[in-house]
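Undergrad: have a look at this prediction, sequence included:
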Amino acid sequence: MNQTQLSPMAKIWHVVALIPEGHVSSYGKIADLAGLPGRARYVSRALKMAPDALQLPWHRVINSQGKIAFPETSPHFIEQMQKLRSEAIEVNRGRVKLSKYEWQPDLATLVFALPF
DNA sequence: TCGATGACTGATG
DNA sequence: CCATCAGCCATCG
């Protein structure tokens, strides 16, 4: 159909929406999957701009070191940690064990789930 | 156009 | 494992 190109930001939202409950991914990885390599920082911006109505699982996105990106003192940090724990993800000092929780998307799933 | 900024990263010590 | 640092890149004033 004559669908104009999805904005880079929309692509990021689509990918984030696919992260399964109980799993996490990183800014850089989301950028890659969205076809925007090297734009990890843009992913953080896209999440900040995302409309609440989208109900994105933003809390499942952490940095490449497996840590929550917000400072430990911020309300955001607390909220993200609680949301992660609420889906059985262990978080210690803002850190998540990637070897145990990192999302491993398979190509087939992505190809059929993403509109681009 | 320039410099600062940030929910980032990978390399390095 | 932690801290630092240069590189990164869209956005903003």
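TA: Arrived safely.
Undergrad: and residue A:25, what helix or strand is that in?
TA: strand A:25-26 (DSSP states H and E).
Undergrad: quick one: is that strand near DNA strand B?
TA: Yes. Strand A:25-26 reaches DNA strand B (Cβ under 7 Å from any atom of the strand) through residue A:26. All C-beta spots, glycine's among them, are computed from the backbone N, C-alpha and C.
Undergrad: now do that strand, average pLDDT.
TA: For strand A:25-26, mean pLDDT rounds to 98.
Undergrad: does DNA strand C sit close to it?
TA: No. Applying Cβ under 7 Å from any atom of the strand, one finds strand A:25-26 separated from DNA strand C by no less than 12.7 Å.
Undergrad: what's the weakest-modelled helix or strand in chain A?
TA: Between all helices and strands in chain A, the lowest mean by mean pLDDT, DSSP states H and E belongs to helix A:107-113, at a mean of 93.
Undergrad: report the backbone C-alpha coordinates of that one in CSV.
TA: Extracted C-alpha coordinates of helix A:107-113, given in CSV (Å, rounded to 0.1, in the frame of the first residue of the first chain):
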residue,chain,number,x,y,z
LEU,A,107,14.7,-13.2,12.3
ALA,A,108,11.4,-14.8,11.4
THR,A,109,9.6,-13.0,14.2
LEU,A,110,11.0,-9.6,13.2
VAL,A,111,10.3,-10.0,9.5
PHE,A,112,6.6,-10.7,10.1
ALA,A,113,6.1,-8.3,13.0
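Undergrad: list of residues touching the longest helix along chain A?
TA: Secondary structure of chain A read by DSSP state H shows that its longest helix is helix A:75-86. Here helix A:75-86 makes contact (Cβ atoms under 8 Å, 6 or more residues apart in numbering) with A:24, A:58-60, A:62, A:68, A:70-71, A:91, A:94, A:96.
Undergrad: any part of that helix near DNA strand B?
TA: Yes. With Cβ under 7 Å from any atom of the strand as the measure, helix A:75-86 is seen reaching DNA strand B through residue A:76.
Undergrad: with stretch A:101-111 instead?
TA: No. Stretch A:101-111 does not reach DNA strand B (Cβ under 7 Å from any atom of the strand); its nearest approach is 11.4 Å.
Undergrad: quick one on the thing from earlier: among the contacts of helix A:75-86, which one sits closest to DNA strand B?
TA: Closest to DNA strand B out of the contacts of helix A:75-86 is residue A:58 (3.8 Å), distances taken as Cβ to the nearest atom of the strand.
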